[in-house]
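Enquirer: build me a structure from this.
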Amino acid sequence: MFICSPGLTILSVSEDAWGKILNRESKIIGYYSNLSIWKDWYNKRKFPYTQPINDIKALTISA
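Expert: Numbering: from 1, shown residues only. A predicted model of the protein is given here:
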């Protein structure tokens, strides 16, 4: 079994899902449960929160 800390989680969102997320009628409660902040983050070069540097280094060392 492989366990990964929350800061290293990988998530894939389909175009249909993005449509549902971005066109909601009600506001999403909570910052971390709001996937809309991730839309185009890579192209904007703005990571939505502080990157888990220690987790990334630990994963690199463990590989």
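
Enquirer: pLDDT weak spots in the protein?
Expert: Along the chain, segments meeting pLDDT under 70 span 1-2.

Enquirer: what helix or strand is Gly30 on?
Expert: Take DSSP states H and E as the rule and Gly30 turns out to sit in neither a helix nor a strand.

Enquirer: Pro6 - how many residues pack around it?
Expert: By other C-beta atoms under 10 Å, 8 other residues sit near Pro6. Heads up, the C-betas are built off the backbone N, CA and C, glycines and all.

Enquirer: wait, I meant Ser33
Expert: Neighbour count for Ser33, taken as other C-beta under 10 Å: 7.

Enquirer: please identify the helix or strand for it.
Expert: Of the helices and strands defined by DSSP H and E, none includes Ser33.

Enquirer: separation between it and Thr9?
Expert: 13 Å (C-beta to C-beta, to the nearest Å).

Enquirer: do the same with Pro52
Expert: Pro52 is 10 Å from Thr9, by C-beta to C-beta.

Enquirer: residues touching the residue most central in space within the chain, list them.
Expert: Nearest residue to the geometric centre of the chain (C-alpha atoms, centre = their mean): Trp38, 5.9 Å. When contacts are counted by C-beta atoms under 8 Å, 6 or more residues apart in numbering, Trp38 touches 11, 13, 48.

Enquirer: again, but for Ile28
Expert: Counting by C-beta under 8 Å, 6+ apart, Ile28 touches 34-36.

Enquirer: of the residues you listed, buried ones?
Expert: Buried subset of those (neighbour count, 16 or more other C-beta atoms under 10 Å): Leu35.

Enquirer: make TSV out of the contacts of Ile28 and add distance to Gly19.
Expert: What follows is these, written out as TSV (distance: C-beta to C-beta, whole Å):
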residue	distance to Gly19
Asn34	16
Leu35	12
Ser36	11
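
Enquirer: count of neighbours near Trp41?
Expert: Neighbours of Trp41 (other C-beta under 10 Å): 11.

Enquirer: where's it relative to Val13, distance?
Expert: Taken as C-beta to C-beta, the span from Trp41 to Val13 is 12 Å.
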